[in-house]
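> Any chance you can model this:
(chains A and B)
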Amino acid sequence: EAGVAQSPRYKIIEKRQSVAFWCNPISGHATLYWYQQILGQGPKLLIQFQNNGVVDDSQLPKDRFSAERLKGVDSTLKIQPAKLEDSAVYLCASSPLGSGPYEQYFGPGTRLTVT
Amino acid sequence: SQQGEEDPQALSIQEGENATMNCSYKTSINNLQWYRQNSGRGLVHLILIRSNEREKHSGRLRVTLDTSKKSSSLLITASRAADTASYFCATDAKGSNYKLTFGKGTLLTVNP
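Okay, the predicted model is just below:
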């Protein structure tokens, strides 16, 4: 079974530039999550999708971050404009549909450095 | 905000020894999960314990949950160098729609 795919694996940008991350979840998984993990901390949920609908985006900085999940499969997370404090690893995870709880399957992450 | 708080922040042991990590949390939960993260395999789920369970085993892992103290422990027996990683507890609070909140993690180093 293929795992959660993410790209790119690394990205370096200057502040005020924009950046986008892509995620392809495990086939058949209806729920998709984006997390931000700052060095030395645990992952923090940014947004949760179920199919192509948003379940929770309470911790997403909506003035600069946006995310979409087209057709309930792939997802993209965008930051525009980036700030220095956005430097982090961005993790995508997926889990099966249904009333929880379920373990979450994580992708390898995208390491973003904002200079 | 981080719900779980792992203790200790870092732990260094010799191969073959047991490692115990603790997690404390603040609000009532539905479930608690433990995850491992290392550079090779990323973040991987280890074990899930429901709020009505007190103990669970999986291979060399033993997890306990004390909801009255809002705490959990993860025991790894007969540790191996390959167990070197960061370990995170993640809780989903009642009414949160199974949204996971992770702690800051314990960095475990197993010396060969």
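
> Could you use CA atoms for every contact and neighbour count after this?
Will do.

> mind listing the helices for the chain?
Chain wasn't specified; assuming chain A. When assigned using DSSP state H, chain A turns out to have no helices.

> So, low pLDDT: which residues of it?
Along chain A, segments meeting pLDDT under 70 span A:1, A:98-100.

> interface residues of it facing chain B?
A:40-45, A:100-101, A:103-109 (Cα under 8 Å from any Cα of the partner chain).

> and the residue of chain B found nearest chain A, how many neighbours?
Nearest to chain A, among the residues of chain B, is B:K104, at 4.5 Å (Cα to the nearest Cα). B:K104 has 24 neighbours, counted by other Cα atoms under 10 Å in any protein chain shown.

> out of the residues of chain A next to chain B, which are buried?
The neighbour count (16 or more other Cα atoms under 10 Å in any protein chain shown) marks A:G42, A:P43, A:K44, A:L45, A:P101, A:E103, A:Q104, A:Y105, A:F106, A:G107, A:P108, A:G109 as buried among these.

> Contact residues of chain B facing chain A?
Applying Cα under 8 Å from any Cα, we find that chain B lies next to chain A at B:2, B:31, B:33, B:41-45, B:48, B:88, B:97-98, B:100-105.

> before we move on, back to that, a helix runs through the residue of chain B closest to chain A, doesn't it?
No: secondary structure of B:K104 (DSSP: H, G, I helix; E, B strand; the rest coil): coil, not part of a helix.

> Next up, the contacts around the residue most central in space within chain A.
Closest to where the C-alpha atoms of chain A average out (Cα atoms, centre = their mean) is A:W34, at 2.7 Å. Counting by Cα atoms under 8 Å, 6 or more residues apart in numbering or on different chains, A:W34 touches A:L45, A:L46, A:I47, A:Q48, A:L77, A:Y90, A:L91, A:C92, A:A93.

> Quick check: it vs A:L77, distance?
Separation of A:W34 from A:L77 (Cα to Cα, to the nearest Å): 8 Å.

> now swap in B:P112 and tell me
41 Å.

> more neighbours, the two?
Higher neighbour count among B:P112 and A:L77: A:L77, with 19 against 11, using other Cα under 10 Å.

> quick one, strands of chain A?
Counting by DSSP state E, chain A has strands at residues A:5-7, A:10-13, A:19-24, A:31-37, A:44-50, A:53-56, A:65-69, A:75-79, A:88-95, A:105-106, A:110-114.
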